[in-house]
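Chemist: structure for this input, please:
(chains A, B, C and D)
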Number of protein chains: 2
Amino acid sequence: MTDPSTFRSHCPTNYALEHFGDRWTLLIIRDLLFLEKQYFREFLSGEEAISTNILSDRLKKMEKDGLIAHRSDPADARRQVYLLTDKGIDLARIMVEINRWSAKHDPFTDVPPDYARRVEEDFESVIAQAVARARAKL
Amino acid sequence: MTDPSTFRSHCPTNYALEHFGDRWTLLIIRDLLFLEKQYFREFLSGEEAISTNILSDRLKKMEKDGLIAHRSDPADARRQVYLLTDKGIDLARIMVEINRWSAKHDPFTDVPPDYARRVEEDFESVIAQAVARARAKL
DNA sequence: CTATTTAAGTTGCAAAATGAAAGCGAAATT
DNA sequence: AATTTCGCTTTCATTTTGCAACTTAAATAG
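Modeler: Purely as a prediction, here's the structure:
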């Protein structure tokens, strides 16, 4: 955990910002939660093009902060498997609300209309599904 | 609006990050939405201690991005009154979910137990109230 | 079993963002 | 008329970011 005594405040908004108030962390959460990515290489391949040093830094910080954990892949000792902790999985509701907000306000959104409709009509099960998939990896 | 053609992607997570993927924007949203702040001076007074140049930059960017608007105060022509647009007000659900997440995971949280309970038990009306207060200013 | 490819980083450096402090012009108050 | 207040802008030092090249260990191919 990043030393909480260095936090600017313990206002809940600020607590969240200390965890993901940057341009990359939530993209990694998205990859883990919705896109089922788990390897360093896979996070690099997103269209936002994170660079290796930033990815490396963020994975370390997210682990310190308790959002993710990592194990070495039993099938290939070079690989690390990254996965969300319960604390990270608990971001699912925030993430889906973000998806709703962006789908509503971005005229160029990538969100397929079918998914947007499902989020509106079946919010709870969209979350439950993502949570269940992530929990299954613990 | 910040030129959407410069966005790294139109993934909804990234769309959101292009709006508030930094250490300050959500604190200003919090001040507007929950703490009823509306003057430059008031935003400066938060315990996170934003500096004047950053505050000035963020207010401009947020206005370009359509999250806030400003008017000059009829009672004092030196002052600007800042307020949330509908797009900004629509962040209320995300903000309340962030409050829930932080209240749950921050052992040092500032969130009073009473408010936390109210958010759990009466989520919709907590949001409705903040939204109504913000809309009343439009 | 040697050579090369692949995974997961690290390092170096330039560019951009951040933050503290001081300065400034216009409007309001004394 | 002089002073204070508001909402900034400017300057400059520090921090963060991002690109590219390099490294190390493990897997695979010949």
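Chemist: pull out the buried positions in the host helix or strand of A:Asn53.
Modeler: If you go by DSSP states H and E, A:Asn53 is part of helix A:52-64. Within helix A:52-64, the residues scored as buried using 16 or more other C-beta atoms under 10 Å in any protein chain shown are A:Leu55, A:Arg58, A:Leu59, A:Lys61, A:Met62, A:Glu63. Quick note: C-beta positions are derived from backbone N, CA and C, even for glycine.
Chemist: okay, these in TSV with distance to DNA strand D and pLDDT next?
Modeler: Shown next, in TSV, are the buried residues of helix A:52-64 (distance: C-beta to the nearest atom of the strand, whole Å; pLDDT from 0 to 100):
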residue	distance to DNA strand D	pLDDT
A:Leu55	9	96
A:Arg58	8	95
A:Leu59	13	96
A:Lys61	9	95
A:Met62	13	96
A:Glu63	16	96
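Chemist: near DNA strand C too, which of those?
Modeler: A:Leu59 (C-beta under 7 Å from any atom of the strand).
Chemist: in the buried residues of helix A:52-64, find the pair that's most separated.
Modeler: A:Leu55 and A:Glu63 (12.6 Å; C-beta to C-beta).
Chemist: let me see the ranges of the helices in chain A.
Modeler: Here chain A has its helices, by DSSP state H, at A:12-20, A:25-33, A:40-44, A:52-64, A:86-89, A:92-105, A:113-121, A:123-137.
Chemist: figure out which of those is closest to B:Leu32.
Modeler: With C-beta to C-beta as the yardstick, what comes closest out of the helices of chain A is helix A:12-20 (11.6 Å).
Chemist: how near is the most centrally placed residue in chain A to B:Asp73?
Modeler: Nearest residue to the geometric centre of chain A (C-alpha atoms, centre = their mean): A:Ile29, 0.9 Å. For A:Ile29, the distance to B:Asp73 equals 40 Å [C-beta to C-beta, to the nearest Å].
Chemist: swap in A:Ser45?
Modeler: For A:Ser45, the distance to B:Asp73 - C-beta to C-beta - is 50 Å.
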